[in-house]
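**Student:** Following is a predicted model, sequence given first.
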Amino acid sequence: DGIRLVDQVGAIRGILPFRGKLAFCASSQQHETVAWSAAWGRGRADGSITVSRLERDGTLPANNWFKANYRAHGFAMSEDSVKVAVAGPSRIRMKDTESGSFPEARRGYMENVLSFLPRSRTLLAGSARGLEMLSFRGEEPPQVEVLVRSCPRAAFALGDGAALLTLADEAIHVLPIRSGAPPLLRGPAAGRTWRLAPDGGLLAVAGERLSIYEIGSGRCVHDLGRESPPATMLSFSPDGKTLAAATSGRRQIRLHSLSSGSLSPVVPCPQPVIAITQGVAGQLAAIGTGASLYFHEPDQDRWVARAAGFQMRLAPAVLRFSPTGQRLVVGTEGGGAILLDPRDGTVQKEFEPADFQAAAFGPNGRWLLLASLDTGLLWDCATGQVHGRLQPFGAVPGKRMVRFSPDGRRVVVGENRAVSVWDVLSCRQL
């Protein structure tokens with residue numbers, strides 16, 4: 001009967017009258033404005049883009065603030081709710097809420113790369129010309145600057161918005177978000193592996209050489225030398241001070257100390273590795289090609305087998321330490337998972353097969369989320385019980401990626417084309 005507007009405590013504040021199938025539904029950063037669009041079919045638009053400003057008490061107004069018969073693919077709004085961008089086939093329409101001007105059509109844009117920068121009225125939009133930055137000043141036409149002259153696949157801000165990471169033409173670009181500034185970092189991504197540090201301040205890129213870049217300045221702060229063959233797996237320690245690098249199908253795992261810049265050789269793993277992960281105080285775990293789990297004891301500099309009675313899943317491999325290092329979750333053959341103590345290998349819990357694709361621990365180690373293709377199992381490590389289920393994630397097949405927010409109250413689930421945010425205590429999607 002419509003789209004329900006629900007506040008953070010679960011109370012329904014209003015219903016958006018709507019019949020049919022949704023194309024998208026979104027809100028501004030301050031939750032003052034909501035927008036939705038009907039899906040289309042048979043080559044024509046079945047609905048229109050509708051934007052509503054909420055009343056001060058959070059309820060819906062009697063009349064829509066803006067409505068246009070327009071086949072919409074995406075929606076973006078500045079944080080101050082002054083500029084609205086609606087993307088359609090090869091063009092973007094702008095709406096100025098202060099002046100009330102009719103949306104401005106600009107042709108040649110990609111609808112899947114569209115977002116406003118934090119705390120600004122600057123729009124990032126992808127086009128056939130590249131990634132463009134549109135800066136608005138009053139009612140004048142926006143100033144357009146091409147940041148990357150290649151068709152972008154994705155673009156998003158890092159940290160406080162001082163830098164931008166884009167993927168375009170199989171290349172990684174880190175750009176300062178200010179007019180006329182040169183790129184901080186540019187390098188090919190094809191055939192390379194890259195990973196951000198836990199705090200988002202460093203970017204590790206593995207190619208012919210293994211390099212660590214500082215996101216804020218773009219400087220290469222660590223050149224860890226030539227890699228032969230190049231690393232295909234990278235893992236930062238929780239404190240970001242150590243980087244583990246390995247090549248799929250090889251036995252050697254290399255540990256690089258970023259504080260001293262030295263390389264600490266590791267005893268070759270008993271089997272060629274498929275997946276690696278780091279924990280606290282030098283903890284290191286690996287899954288071998290023989291579907292076995294190994295744990296490296298740094299004090300004695302040796303590998304020991306764990307969970308010998310289980311076959312580990314090789315693709316996709318699920319392997320993750322808890323923040324305290326007292327637990328390790330690993331995916332097993334058949335789509336199941338086990339939770340164990342890495343120190344002695346004691347299996348604390350065996351989860352029934354559910355085609356688990358990814359796993360993540362909360363920041364304090366209490367929560368464990370195991371994500372399958374269509375649902376998520378939230379395990380309470382303190383009570384040893386299932387706290388709830390997050391379902392459904394969506395119908396898009398593909399690899400799942402899950403992360404907890406720093407305060408542990410939210411969990412973010414990513415898939416091929418969508419991201420969803422869930423409340424941990426209520427297991428409700430926000």
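**Tutor:** Yep, that arrived. Residues are numbered from 1 along each chain as shown.

**Student:** Can you tell me how far the nearest residue to F116 once chain neighbours are set aside is from T122?
**Tutor:** Take F116 and drop its neighbours on the chain: the residue closest to it by C-beta to C-beta, 6 or more residues apart in numbering is S78, 4.6 Å away. C-beta here means a position set from N, CA and C on the backbone, and glycine is covered the same way. Distance of S78 to T122, given as C-beta to C-beta, to the nearest Å: 8 Å.

**Student:** can you check G200 too?
**Tutor:** 21 Å.

**Student:** Between the two, tell me which one has more neighbours.
**Tutor:** With neighbours defined as other C-beta atoms under 10 Å, G200 and T122 compare such that T122 has more, 22 against 14.

**Student:** And the nearest residue to the more buried one once chain neighbours are set aside, what's its pLDDT?
**Tutor:** In space, and not counting its chain neighbours, T122 is closest to S135: 5.0 Å by C-beta to C-beta, 6+ apart. Listed pLDDT for S135 reads 77.

**Student:** Correct me if wrong: S135 contacts Q143.
**Tutor:** Yes: counting by C-beta atoms under 8 Å, S135 does reach Q143; the two are 4.6 Å apart.

**Student:** before we move on, the earlier item: what's near enough to touch the residue nearest to T122?
**Tutor:** Residues near S135 by C-beta atoms under 8 Å, 6 or more residues apart in numbering: 121-122, 142-143, 145, 179.

**Student:** Name only those of the residues you listed that count as buried.
**Tutor:** Using 16 or more other C-beta atoms under 10 Å as the burial test, the contacts of S135 include 121-122, 142 as buried.

**Student:** With respect to T232, which of those is nearest?
**Tutor:** T122 (36.5 Å; C-beta to C-beta).

**Student:** show me what contacts the closest one?
**Tutor:** Listed by C-beta under 8 Å, 6+ apart, the contact set of T122 reads 116, 133-136, 177.

**Student:** Buried ones only from those, please, as a PyMOL command.
**Tutor:** To isolate the buried ones among the contacts of T122 in PyMOL, judged by 16+ other C-beta under 10 Å, type:
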select buried, resi 116+133+134+136+177
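
**Student:** For the contacts of T122, could you give me a markdown table that also reports distance to G207 and secondary structure?
**Tutor:** Formatted as a markdown table, those follow (distance: C-beta to C-beta, whole Å; DSSP: H, G, I helix; E, B strand; the rest coil):
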| residue | distance to G207 | secondary structure |
| --- | --- | --- |
| F116 | 33 | strand |
| M133 | 28 | strand |
| L134 | 33 | strand |
| S135 | 34 | strand |
| F136 | 38 | coil |
| I177 | 26 | coil |
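
**Student:** Save the contacts of T122 as TSV, and put in distance to F295 too.
**Tutor:** Conversion of these to TSV gives the following (distance: C-beta to C-beta, whole Å):
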residue	distance to F295
F116	46
M133	48
L134	51
S135	52
F136	55
I177	43
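
**Student:** For G384, state which of the contacts of T122 is nearest.
**Tutor:** Checking the contacts of T122 against G384 by C-beta to C-beta gives F116 as the nearest, at 44.2 Å.

**Student:** Report the secondary structure element holding I276.
**Tutor:** Assessed by DSSP states H and E, I276 sits inside strand 273-278.

**Student:** average pLDDT for that strand?
**Tutor:** 92.

**Student:** and the nearest residue to L210 once chain neighbours are set aside, which of the three is it?
**Tutor:** Spatial nearest neighbour of L210, chain neighbours left out: L224 (4.1 Å); criterion: C-beta to C-beta, 6+ apart. Judged by DSSP: H, G, I helix; E, B strand; the rest coil, the three-state class of L224 is strand.

**Student:** I'd like to know how many residues surround L224.
**Tutor:** Using other C-beta under 10 Å, L224 is surrounded by 21 other residues.

**Student:** and the gap between it and V330?
**Tutor:** Taking C-beta to C-beta, one finds L224 at 28 Å from V330.

**Student:** Then G207?
**Tutor:** Distance from G207 to V330, by C-beta to C-beta: 29 Å.

**Student:** again with A275
**Tutor:** Taken as C-beta to C-beta, the span from A275 to V330 is 9 Å.

**Student:** quick one: common contacting residues for those two?
**Tutor:** Among the neighbours of A275, those also in contact with V330 (C-beta under 8 Å, 6+ apart) are 287, 319.

**Student:** And for R250, the neighbour number?
**Tutor:** 15.

**Student:** Skipping adjacent residues, who's closest to it in space?
**Tutor:** That would be P272: by C-beta to C-beta, 6+ apart, it lies 5.8 Å from R250.

**Student:** The one you found against T289, yeah?
**Tutor:** Yes: using C-beta under 8 Å, P272 is in contact with T289, at 4.7 Å.

**Student:** Overlap in contacts, the two.
**Tutor:** G249.

**Student:** The two: which is more packed in?
**Tutor:** Using other C-beta under 10 Å as the criterion, P272 and T289 rank with P272 on top: 17 against 14.

**Student:** returning to what we had before: what residues are shared contacts of S78 and T122?
**Tutor:** With contacts defined as C-beta under 8 Å, 6+ apart, the residues adjacent to both S78 and T122 are F116.

**Student:** Please give me every residue in contact with Q429.
**Tutor:** Applying C-beta under 8 Å, 6+ apart, the residues near Q429 are 390, 420-423.

**Student:** make it 10 Å
**Tutor:** Listed by C-beta atoms under 10 Å, 6 or more residues apart in numbering, the contact set of Q429 reads 6, 390-393, 413, 420-423.

**Student:** Share the number of residues neighbouring S120, please.
**Tutor:** 15.
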